[in-house]
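S.K.: how would this look folded up:
(chains A, B, C and D)
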Protein chains: 2
Amino acid sequence: MSVFHPPGSIKAQSHLPGEKLSLELADFYKVFGDFSRIRILFALLDNELYVNELAELLSMSQSAVSHQLRILRQNKLVRVRKDGKTSLYSLDDDHVYRILTEGLEHLSH
Amino acid sequence: MSVFHPPGSIKAQSHLPGEKLSLELADFYKVFGDFSRIRILFALLDNELYVNELAELLSMSQSAVSHQLRILRQNKLVRVRKDGKTSLYSLDDDHVYRILTEGLEHLSH
DNA sequence: TATACATATGTACATATGTACATATGTATA
DNA sequence: TATACATATGTACATATGTACATATGTATA
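M.R.: Model (predicted):
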């Protein structure tokens, strides 16, 4: 996977992403780091769902679901499609799908 | 990326991973969701480093680094190799590398 | 065995964060 | 315009979590 430098060389510095990027990445992963949001993401893995459907499916209050959807929206993990007075949510792009898959693989060793 | 069911069908339930797995996944991603840990992981991306090297490189206290390394160890993101009174840390496996890469890709749209 | 040194860890505390509760916003229908 | 309804959001609060500080643990050398 990568070439190792002799220990002690501290060559890593050159590869370190900037502080700003590291912070953005951490914030990005933080979004995945919550039980409710993970369940919402999995529910949307192959379905477009309404807010109330998500709430019912996951036994969460409508408020809690909306709050988490907001975070998912702001971080571009999900997309909304307005349909009259309802809102249809779906995953935003394939990265989300792949990251979830990688995580599952890691857990199953 | 996936086949959409008509909205309202709530077919998602069948695909939902169990609560236990969802919790484990969330905990796994939570590990990536911290500035200090992300920087440690990037520093180890292509180097095996001592604790004190990490501390110096990232301008963190030895204590803070050790605490975070412990979390990374427990979640199998890094590996330790004892070398006398020092400890050499490296990434545990390729999933870690790939997950970091996916995240970077997502951020750059 | 005594000492120096690298790393690990216990504890306290400040801050971050998820959720409940209440209410605002926006849309369709009469 | 009034009403019903779905969703979004403000706020408070309990809990989770990262770090500083102090100290324990483990190893090499004299």
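S.K.: helix, strand or coil for residue A:79?
M.R.: Using DSSP: H, G, I helix; E, B strand; the rest coil, the secondary structure recorded for residue A:79 is strand.
S.K.: list the residues that contact residue A:80.
M.R.: Applying CB atoms under 8 Å, 6 or more residues apart in numbering or on different chains, we find residue A:80 in contact with A:69, A:73, A:87-89. Where C-beta positions appear, they are placed from N, C-alpha and C, glycine not excepted.
S.K.: residue ranges of the strands in chain A, please?
M.R.: A:49-50, A:78-83, A:86-91 (DSSP state E).
S.K.: pick the most deeply packed of the ones you listed.
M.R.: Across the strands of chain A, averaging neighbours per residue (mean count of other CB atoms under 10 Å in any protein chain shown) puts strand A:49-50 on top, at a mean of 22.
S.K.: quick check, nearest of the contacts of residue A:80 to chain B?
M.R.: Among the contacts of residue A:80, residue A:88 lies closest to chain B (CB to the nearest CB), at 5.7 Å.
S.K.: can you tell me which residues in chain A are near DNA strand D?
M.R.: Chain A comes close to DNA strand D at residues A:50-52, A:62-63, A:66-67, A:69-70, A:80, A:85-87, as judged by CB under 7 Å from any atom of the strand.
S.K.: so the closest residue to residue A:37 other than its chain neighbours versus residue B:80, what's the distance?
M.R.: Of all residues not flanking residue A:37 in the chain, residue A:68 sits nearest, at 5.2 Å (CB to CB, 6 or more residues apart in numbering or on different chains). For residue A:68, the distance to residue B:80 (CB to CB, to the nearest Å) stands at 36 Å.
S.K.: with residue A:77 instead?
M.R.: Noted for residue A:77: a distance of 33 Å to residue B:80, by CB to CB.
S.K.: same question, residue A:98
M.R.: Counting by CB to CB, the gap from residue A:98 to residue B:80 is 29 Å.
S.K.: which residue is nearest the centroid of chain A?
M.R.: Residue closest to the average C-alpha location in chain A (CA atoms, centre = their mean): residue A:32, at 4.1 Å.
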